[in-house]
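Novice: Below are the sequence and a predicted model; questions follow.
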Amino acid sequence: MSISILGGVAKGAKLATPSSHHTRPTSVLLKRRLFDSHQSFEGVHFYDVCAGSGSMGLEAMSRGASEVTFVESNPKVISLAKKNFSELKRKYSLSAEATFIKTDALKFLKQLSEDGSEKILFFDPPYEDKKLYMSLGELLKERPKLFTKVIVEFCRQKTAPESEVQGWLGKPDKSYRQGTSFLYIYDFR
């Protein structure tokens, strides 16, 4: 499967993807809707949690994010995200900083601090892992100032129906849908 950067300075760049079934890329339509709706990423720290190949964080970087943190528990997959970053940084002279962390998503999120900076979380765990979705909802209720914006991807057939996901995370400020996949966007500004 081929994944490309859709906009910004690295528009059109092809990304390497894992040959295994450990990851599932966000659809091009959902990715385009999300990034086209957020006008500027200048000065933003973007967190790509359950990052897979890193395509969402790299898209944010191409569109001006000053810093991107990639969090992925699979060592082979995170090394691929690093490779994609290195290629884009070299080819397009990207100035953004990148951090790659191989750890559990919730463990990582729980150790973050509320510092008032503009932080966007893209959260795309395996669709079947309901516990991760529920735990994110609990964390955001306890610490609503942790991020300025949170984007969550889920599938109503594999994760849960929309009403159940809203029970865990709350009603989104905005949502996008393609087939059975959804992006829920929560604005905490």
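Specialist: Here it is on my side, so go on. Numbering: from 1, shown residues only.
Novice: Across the sheet, point out what pairs with the residue nearest to the spatial centre of the chain.
Specialist: With distances taken as Cα atoms, centre = their mean, the residue of the chain nearest its centroid is Phe122 (2.7 Å). Using DSSP bridges, the bridge partners assigned to Phe122 are Asp48, Ile151.
Novice: remind me which residues of this protein are low pLDDT?
Specialist: Scanning the chain for pLDDT under 70 picks out the ranges 1, 20-22.
Novice: element containing Lys141?
Specialist: In this structure, Lys141 sits in helix 130-142 according to DSSP states H and E.
Novice: and the residue nearest to the centre of the chain, how far is that from Ser163?
Specialist: Applying Cβ to Cβ, to the nearest Å, the value for Phe122 to Ser163 is 23 Å. Backbone N, C-alpha and C define where each C-beta goes, glycine included.
Novice: cool, Glu114 as well?
Specialist: 29 Å.
Novice: quick one, strands of this structure?
Specialist: Here the chain has its strands, by DSSP state E, at 3-4, 14-15, 45-49, 67-72, 97-102, 119-123, 149-155, 174-178, 181-187.
Novice: Any idea which of these gets closest to Lys83?
Specialist: strand 14-15 (9.2 Å; Cβ to Cβ).
Novice: what distance separates the closest one from the centre of its chain?
Specialist: 17 Å (Cα atoms, centre = their mean, to the nearest Å).
Novice: do stretch 118-127 as well
Specialist: The answer for stretch 118-127 is 4 Å, by Cα atoms, centre = their mean.
Novice: repeat for stretch 124-135
Specialist: With Cα atoms, centre = their mean, you get 13 Å for stretch 124-135.
Novice: So what touches that stretch?
Specialist: Outside stretch 124-135, the residues that touch it by Cβ atoms under 8 Å, 6 or more residues apart in numbering are 24, 26, 49-50, 52, 56, 105-106, 152-155, 158-160, 165, 168-169.
Novice: rewinding a little: got the angle for the helix holding Lys141 vs strand 45-49?
Specialist: Using axes from the mean of the first three to the mean of the last three Cα atoms, to 10 degrees, the direction of helix 130-142 lies 150 degrees away from that of strand 45-49.
Novice: How far does helix 130-142 sit from its chain's centre?
Specialist: Helix 130-142 sits 16 Å away from the centroid of its parent chain (Cα atoms, centre = their mean).
Novice: just stretch 181-189 next, same as before
Specialist: Put simply, stretch 181-189 sits 11 Å off its chain's centre (Cα atoms, centre = their mean).
Novice: buried set for it?
Specialist: Buried residues in stretch 181-189, counting neighbours by 16 or more other Cβ atoms under 10 Å, are found at Ser181, Phe182, Leu183, Tyr184, Ile185, Tyr186.
Novice: from those, which is closest to Leu30?
Specialist: Distance to Leu30 across those (Cβ to Cβ) is lowest for Leu183, with 5.3 Å.
Novice: That closest one against Val152, yeah?
Specialist: Yes. With contact defined as Cβ atoms under 8 Å, Leu183 counts as touching Val152 (7.2 Å).
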